[in-house]
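S.K.: coordinates only, sequence not included:
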């Protein structure tokens, strides 16, 4: 059974950077697509970025393209979300999620992901 745990959230000023980590336990990410989602207060959960199981493909929401980067370590146990040029509107709880590579459908759709972390808070002050 795969478990995922996020870390790295915090408070940062607008224009600053943070790196979130998503650590796998029980299994590695070698057979899993990994996505990052976020949810701001009183808003629906939204897609941020995704990485294919073989790390060959990356996907980004338009709102973060060019500012955020998703990557994975060589051991395939941790996926990172590097967030640069942060804006107050990036404030949210960020969730890491994983799905088996055999799952069909857009990687931007939260219901397609089976394994979820507890979330980590990111707050960007203006």
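M.R.: In hand now; what should we look at? Treat the numbers as computed from the prediction; the structure is a model and nothing was measured.
S.K.: need the strands for this protein, in chain order.
M.R.: 3-7, 10-13, 18-25, 32-39, 46-51, 58-60, 68-72, 78-83, 92-100, 115-116, 120-125 (DSSP state E).
S.K.: who's residue 23 bridged to?
M.R.: In this structure, residue 23 bridges to residue 5, residue 78 when assessed by DSSP bridges.
S.K.: how many neighbours does residue 94 have?
M.R.: Neighbours of residue 94 under the rule other CB atoms under 10 Å: 23. For every residue, glycine as well, the C-beta is placed using N, CA and C.
S.K.: just the strands of the chain: most buried one?
M.R.: Neighbour counts (mean count of other CB atoms under 10 Å) averaged over each of the strands of the chain peak at strand 32-39, with a mean of 24.
S.K.: Give me the helices and strands touching that one, please.
M.R.: strand 18-25, strand 46-51, strand 68-72, strand 92-100 (3 or more CB pairs under 8 Å, 6 or more residues apart in numbering; DSSP states H and E).
S.K.: what about 6 Å?
M.R.: strand 46-51, strand 92-100 (3 or more CB pairs under 6 Å, 6 or more residues apart in numbering; DSSP states H and E).
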